[in-house]
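[1] 3D model of this:
(one chain, ligands or ions: 2)
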Amino acid sequence: MLVAPSILSADFGILAKEVVSICEAGADLVHVDVMDGHFVPNMTIGPVVVKAVADVAMKPLDIHLMVEDNTFFIDLFAPLKPKYISFHYESEKHHHRIAQKIRSYDISPAIVINPATPVSCLSEIVKYVDMVLLMSVNPGFGGQKFIPIYDKIKELKSLIEAKNPSCLIEVDGGVSDKNIHALKAAGVDIVVAGSYIFGHRDYAAAIKSLKV
Ligand SMILES: O=C(CO)[C@@H](O)[C@H](O)COP(=O)(O)O
Ligand SMILES: [Co+2]
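    Ligands and ions are numbered 1, 2, ... in the order given. Sure, this is the predicted structure:
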């Protein structure tokens, strides 16, 4: 299992130090939640702060867009060369165009679906992305209760095996040592965890407990 700590739960007063700490503690990716106050009822960070994160991160960035205007934000963040940019199925009319746009920057495109969005809506776009992110909370906030989406993970695994076997499955929201084994068994490749990791005094121990 790869682990992507979500910096949404970091102490923003010492953000650079927090990013270095999770990288040294064994993070595989640094998950950056970008919210615009329209697609979700919350706002987070923009290009100036994400650049400061990119400047100190020793691991690749995994940028999760929760915005209405995907094109605008992709153009803003592409110069920071993240490994992934993920966009929400629910926020976009032109999924294929957005995936191509991300790839044109030599960045891996990923698509995200909310807990109530069915896996069947991915049947065509799955061929064009390198990762699918399944939300296991409603997007907008850290620290929410995990929604059991195990059937969706299994359904997505079958779709990926049939249409794009190299595509990875990421799960985001409420991940902890309580559900990590079940997530692994269902076929997840990468977990995002915010409050679980940053709520521990020992980040390395928290990350290790998710690397199952
Ligand atoms: O995208 C989101 C929330 O919208 C996440 O990345 C959260 O930041 C995860 O936080 P926890 O649920 O692990 O506390
Ligand atoms: Co996220």
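[2] residues near the closest residue to D36 other than its chain neighbours, how many?
    Excluding the flanking residues, the one nearest D36 by C-beta to C-beta, 6 or more residues apart in numbering is V67, at 4.1 Å. For the C-beta atoms, the positions are set from N, CA and C on the backbone; glycine is no exception. For V67, the count of nearby residues is 21 (other C-beta atoms under 10 Å).
[3] V67 and G37: what is the separation?
    9 Å (C-beta to C-beta, to the nearest Å).
[4] and the helix or strand hosting V20, what does it pack against?
    Secondary structure from DSSP states H and E places V20 in helix 15-24. For helix 15-24, the packing partners by 3 or more C-beta pairs under 8 Å, 6 or more residues apart in numbering; DSSP states H and E come out as strand 30-35, helix 47-56, helix 203-210.
[5] deepest-packed of these, please.
    Sort those by mean neighbour count, taking mean count of other C-beta atoms under 10 Å, and strand 30-35 sits at the top with a mean of 24.
[6] before we move on, back to that, list the buried ones in the helix holding V20?
    Within helix 15-24, the residues that count as buried by 16 or more other C-beta atoms under 10 Å are L15, E18, V19, S21, I22, C23.
[7] will you turn those residues into TSV that also has pLDDT and distance to ligand 1?
    What follows is the buried residues of helix 15-24, written out as TSV (pLDDT from 0 to 100; distance: C-beta to the nearest ligand atom, whole Å):
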residue	pLDDT	distance to ligand 1
L15	98	14
E18	98	13
V19	98	14
S21	98	17
I22	98	13
C23	98	17
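[8] just the residues you listed now: which is nearest M43?
    Nearest to M43 among the buried residues of helix 15-24, counting by C-beta to C-beta, is L15 at 15.8 Å.
[9] spell out which parts of the protein neighbour ligand 2.
    Within the chain, the positions near ligand 2 by C-beta under 5 Å from the ion are D33, H64, D172.
[10] doesn't Q144 make contact with G194?
    No - using C-beta atoms under 8 Å, G194 is not in contact with Q144; the gap is 9.8 Å.
[11] tell me which of those two has more neighbours.
    More neighbours surround G194 than the other of G194 and Q144, with 24 against 15 (other C-beta under 10 Å).
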